[in-house]
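S.K.: Structure, please.
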Amino acid sequence: MSLGVITEMGYLAMRTRDYDESLELATDVLGLRMTLNDDNRAYLSAADRHHELVYVKSEEDGIDHIGLVADSPEGLEIIRKRLEAGGFPILTRSPLEREIGEGFAVMGPEGYVYHVYVGMKSFRHGPASFGPDRYGHINIHPQNPTAMKDFLVEFFGFKVSDVIGKDFGYFLRCNPDHHGIALIKGRGTLHHHAWQTQSVADLGRLADRLFARGRRLIWGPVRHGAGHNIAAYYVEPNGTVVELYTDLEQIHEIDRPPIEWSQDDRTWFNRWGVYNGEDFRSHGVFPVSLG
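M.R.: Next up, the predicted model:
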């Protein structure tokens with residue numbers, strides 16, 4: 001069930017100065033599978049599709065673009081015309097990545113580029129001993145979360161699942177997943193990308209694999225109030241946080257009213273402890289120009 005012309009989160013493309021280490025952590029620790037690596041751009045996924053994560057070798061760390069899946073070629077055209085009428089510049093009318101049928105890219109608030117597309121090629125992986133089921137969501141810390149929320153709702157058809165305080169945070173969905181994009185007021189960075197797994201035990205195994213490489217979780221396992229998911233987090237080489245989660249709330253009512261939380265009620269963030277996440281929120285990277 002989708003809520004509009006955007007049906008799901010597609011993929012995230014990031015730039016990294018430590019290309020090899022980024023790929024090793026994504027495959028050997030998180031458990032993603034490589035579909036293509038041309039030494040400058042690597043495509044990885046957990047589900048049976050060509051990519052859900054793209055790493056671009058670069059001299060700077062940052063977010064290249066965010067991929068969103070439209071319901072049809074007609075849906076693509078609806079969104080593109082809506083954005084042009086709203087004054088948002090279309091950067092290209094062609095797909096930004098390989099193995100995609102049709103797409104366009106647009107510059108949204110605070111410099112984030114969105115690649116809206118249809119027709120990504122499927123890619124069937126062999127059996128895996130560990131790894132997530134699929135890419136799930138992203139968490140952005142915009143300077144103006146209300147403006148970014150309005151953009152995602154008006155032009156892409158996202159629905160608001162939860163509201164945190166006044167002009168502080170929003171959790172937005174484009175299908176039954178509680179959120180595909182979360183917005184928490186901050187410096188303008190993309191804080192983390194998140195991957196769904198089957199069991200809370202998988203979070204412990206992730207921590208073991210990190211430990212074997214001399215790394216640690218920065219938080220978790222933790223139960224969030226907003227979204228209800230149990231999650232664990234670590235930092236990858238480009239400064240972005242990676243989340244592995246399970247038990248995310250599913251919302252099947254298209255027009256369910258948003259749940260409203262006081263910003264002072266920290267159980268939206270942490271139901272199992274008293275940690276408020278000050279250092280946790282310091283991580284993340286900014287969007288970079290496609291030029």
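
S.K.: Which residue is the nearest non-sequential neighbour of A232?
M.R.: In this structure, A232 finds its nearest non-sequential neighbour in G220, 3.3 Å apart by Cβ to Cβ, 6 or more residues apart in numbering. Every residue, glycine included, has its C-beta placed from N, CA and C.

S.K.: Need the pLDDT of that neighbour.
M.R.: Looking at G220, its pLDDT is 95.

S.K.: Nearest residue to the middle of this structure?
M.R.: Central residue of the chain (Cα atoms, centre = their mean): I138, 2.4 Å from the mean position.

S.K.: Confirm that one sits in a strand?
M.R.: Yes. Assessed with DSSP: H, G, I helix; E, B strand; the rest coil, I138 lies in a strand.

S.K.: I'd say it and I184 touch.
M.R.: No. Using Cβ atoms under 8 Å, I138 is not in contact with I184; the gap is 11.4 Å.

S.K.: The residue nearest to A232 reaches A231, doesn't it?
M.R.: Yes. Shown here, G220 and A231 form a contact pair, counting by Cβ under 8 Å, at 5.4 Å.

S.K.: which neighbours do these two share?
M.R.: Counting by Cβ atoms under 8 Å, 6 or more residues apart in numbering, the contacts common to G220 and A231 are L203.

S.K.: What about V163, how many residues nearby?
M.R.: 21 (other Cβ atoms under 10 Å).

S.K.: list the contacts for it?
M.R.: By Cβ under 8 Å, 6+ apart, the residues touching V163 are 169-171, 258-261.

S.K.: Can you tell me which of those comes closest to D28?
M.R.: F171 (31.0 Å; Cβ to Cβ).

S.K.: Show me what that closest one bridges to in the sheet.
M.R.: F171 has the following beta-bridge partners by DSSP bridges: D162, A182.

S.K.: And for I6?
M.R.: A70.

S.K.: How much space separates it from N37?
M.R.: 29 Å (Cβ to Cβ, to the nearest Å).

S.K.: circling back: filter the contacts of V163 down to just the ones in strands.
M.R.: In this view, the contacts of V163 that belong to strands under DSSP state E are 169-171, 259-261.
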